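[1] Compute the structure for the input listed below.
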Amino acid sequence: MTPTRDDYVRPIILAVALMTGAEFFYLFVFGIMLFPAGPFAGKLIWTLTCGIAMGSVVGALTIGLVIGRRGATAALLASAAIFSGVGIYCSFLCAGIDAKFNYFGGREHKTLFVFSGVLPALAGGLLYGWLLHSMPGRAILRRFGI
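    Residues are numbered from 1 along each chain as shown. You can find the predicted model right below:
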């Protein structure tokens with residue numbers, strides 16, 4: 001089957017939405033509730049930059065490596081691996097960055113910081129792949145206009 005325009009737009013929109021949503025959750029829990037010290041503007045810029053950047057990378061990799069090249073199950077698993085891989089890598093990268101800035105408690109609680117990124121990256125990857133490559137997932141996306 002020939003990929004459609006939606007097959008090329010959906011991965012980016014969905015990945016940016018999921019990653020940015022997760023980042024806003026982290027901003028609220030870690031940046032406001034648990035570790036309120038530090039500049040809110042810096043935390044907000046970090047949140048937006050990471051969500052949009054990670055989502056864009058995930059979407060672009062999905063388009064380049066998955067769309068139109070694999071069967072449904074392989075596409076779901078490959079998309080999940082891309083999403084999870086980027087999310088896990090960024091968890092470790094951001095833990096190192098936050099050790100310097102200490103916006104989200106990464107200096108004192110590095111293990112919590114890393115695991116709070118790794119576990120959702122794994123679950124989010126499965127959700128991302130399922131939404132993109134399963135019939136029920138695509139129906140949900142269509143209901144949201146994606």
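
[2] From the centroid of the chain, which residue is nearest?
    Closest residue to the average C-alpha location of the chain: Met19 at 3.1 Å, with Cα atoms, centre = their mean.

[3] ok, how many other residues are close to Phe27?
    You called it Phe, but residue 27 is Leu. Counted with other Cβ atoms under 10 Å, the neighbours of Leu27 add up to 21. C-beta: built from backbone N, CA, C; applies to glycine.

[4] can you check Phe92 too?
    Neighbours of Phe92 (other Cβ under 10 Å): 14.

[5] Likewise for Ala80?
    Neighbour count for Ala80, taken as other Cβ under 10 Å: 22.

[6] Give me the secondary structure label for Tyr103.
    Under DSSP: H, G, I helix; E, B strand; the rest coil, Tyr103 falls in the coil class.

[7] got it, and the one 4 residues further on?
    Of the three states, Arg107 takes coil under three-state DSSP.

[8] Ignoring the adjacent residues along the chain, who's closest to it?
    Of all residues not flanking Arg107 in the chain, Ala99 sits nearest, at 5.1 Å (Cβ to Cβ, 6 or more residues apart in numbering).
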